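Novice: I'll drop the sequence and a predicted model, then ask my questions.
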Amino acid sequence: MTVLEQVEQLLSQLSPAEKAIILQWVARDLGSATPGVEAEPGVSGGEARIVRTRIPVWVLVQARQLGTSESDLLRAYPSLRAEDLINAWAYYRSHPDEIEQNIRENEMAEQGLS
């Protein structure tokens, strides 16, 4: 029996109030997810990146902060789509401390201060 089948079986045994609590848990858990952005250990240093690519979100955010336009980013990274940039900006809004830390760490590494 798969985990999903087990969950379905358990859900059938819960009251509507208990199911509502579980729904709140799932919604809260999904609320931190950003479509089109993923982070996997061993890929791009485990940093948040655009799916289908190895382009870290922080690279796009830093380029934008330095004045690079979205059209220039799309030209510079042919594998990117406009929706990827929208997802990157949304991820940054949800995780600004993480992305700013990635930018700082990269700047320090470039200066040989890591």
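Specialist: Cool, got the structure.
Novice: Give me the nearest residue to Leu80, chain neighbours excluded.
Specialist: Counting by CB to CB, 6 or more residues apart in numbering, the nearest residue to Leu80 once its immediate chain neighbours are dropped is Leu74, at 5.6 Å. For glycine as for every other residue, the C-beta is placed from the backbone atoms N, C-alpha and C.
Novice: tell me the pLDDT at that neighbour?
Specialist: On pLDDT, Leu74 comes in at 96.
Novice: can you check Ser114 too?
Specialist: The per-residue pLDDT reported for Ser114 equals 54.
Novice: Would you report the backbone torsion angles of the closest residue to Thr53 other than its chain neighbours?
Specialist: Of all residues not flanking Thr53 in the chain, Ser79 sits nearest, at 5.2 Å (CB to CB, 6+ apart). Backbone torsions for Ser79, taken as degrees, to the nearest 10, come to phi -80, psi -10.
Novice: wait, Ser79 sits on Arg54?
Specialist: No: when contacts are counted by CB atoms under 8 Å, Ser79 is not listed as touching Arg54 (9.3 Å).
Novice: With only the CA atoms kept, save the lowest-mean-pLDDT helix or strand in the chain in CSV.
Specialist: Least confident helix or strand of the chain, by mean pLDDT, DSSP states H and E, is helix 16-31 with a mean of 78. Extracted C-alpha coordinates of helix 16-31, given in CSV (Å, rounded to 0.1, in the frame of the first residue of the first chain):
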residue,chain,number,x,y,z
PRO,A,16,-15.0,16.8,9.3
ALA,A,17,-13.4,18.9,12.0
GLU,A,18,-10.3,16.8,12.0
LYS,A,19,-10.1,16.9,8.2
ALA,A,20,-10.4,20.7,8.4
ILE,A,21,-7.4,20.8,10.7
ILE,A,22,-5.4,18.6,8.3
LEU,A,23,-6.4,20.8,5.4
GLN,A,24,-5.0,23.8,7.3
TRP,A,25,-1.7,22.0,7.9
VAL,A,26,-1.4,21.1,4.2
ALA,A,27,-2.3,24.7,3.1
ARG,A,28,0.3,26.1,5.5
ASP,A,29,2.9,23.7,4.2
LEU,A,30,2.1,24.5,0.6
GLY,A,31,2.1,28.2,1.3
